[in-house]
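Q: I would like to see how this sequence folds:
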Amino acid sequence: MGTRRKILVLFFFLAVCGTAPLVNSRLLSRREIVRPSDLYEVVYSQLAAFRASDFSGAYSRASNGIQQKFNREQFESMVRREYPGITVAAKVEFGSVRCREHHAIIQVFFMDRDGGVQPCIYSLIFEDEGWKIDGARMLPRWPRGSRLQGIEA
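A: You can find the predicted model right below:
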């Protein structure tokens with residue numbers, strides 16, 4: 001390879017390396033910042049629909065994947081069977097949030113009137129219509145009197 005060709009290849013690689021940070025910063029600036037409050041609102045609005053026995057409203061907050069797996073009646077039956085405590089919780093508190101691109105994970109704590117805590121992990125996915133609930137996994141119930149760590153306002 002001649003000297004001239006080597007110089008051209010070197011300039012080509014320098015140009016690619018020089019534009020990479022500009023392209024990367026442009027892509028990062030386009031990425032929408034996820035506010036935890038937006039995610040909390042999706043979960044809370046579905047819980048409010050459950051409490052009002054508005055299973056159509058709750059179903060509308062489920063992801064397309066959930067809606068393909070369950071029709072509205074099956075969804076209601078599954079919620080009543082597998083998640084009875086979430087519809088009657090005296091208090092709901094949100095914990096940590098983790099986001100990666102179009103997916104989010106939220107800790108949710110359901111407190112009953114007797115002081116029991118039922119932790120749950122919610123999965124959300126960003127779809128065309130916005131954030132939707134893609135699943136919920138109940139964790140082992142905490143003993144009565146357990147406290148959440150943190151600051152209560």
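
Q: and Leu124, that's in a strand?
A: Yes: Leu124: assigned to a strand according to DSSP: H, G, I helix; E, B strand; the rest coil.

Q: now the residue nearest to it when sequence neighbours are not counted: which helix or strand?
A: Among residues not flanking Leu124 along the chain, Ala104 sits closest, at 4.4 Å (C-beta to C-beta, 6 or more residues apart in numbering). Bear in mind the C-beta positions are built from the backbone N, C-alpha and C, glycine included. Remark: Ala104 resides in strand 103-111, with elements defined by DSSP states H and E.

Q: mind listing what's buried along that strand?
A: Neighbour-count burial for strand 103-111, counted by 16 or more other C-beta atoms under 10 Å, picks out 104-111.

Q: what of stretch 46-65?
A: 46-47, 49-50, 55, 58-59, 61-63.

Q: okay, now the unreliable bits of the chain?
A: 6-32, 146-153 (pLDDT under 70).

Q: tell me where it has helices.
A: Secondary structure of the chain (DSSP state H): helices at 3-30, 36-51, 55-60, 64-69, 72-82.

Q: Gly130: what's it in contact with?
A: Val42 (C-beta atoms under 8 Å, 6 or more residues apart in numbering).

Q: which strand residues bridge it?
A: Glu127 (DSSP bridges).

Q: any idea how far it is from Tyr40?
A: Gly130 is 14 Å from Tyr40, where distance means C-beta to C-beta, to the nearest Å.

Q: quick one: the residue lying farthest from the centre of the chain from Gln118, how far?
A: Here the chain reaches farthest from its C-alpha mean at Gly2, the gap being 56.0 Å by C-alpha atoms, centre = their mean. According to C-beta to C-beta, Gly2 stands 73 Å off from Gln118.
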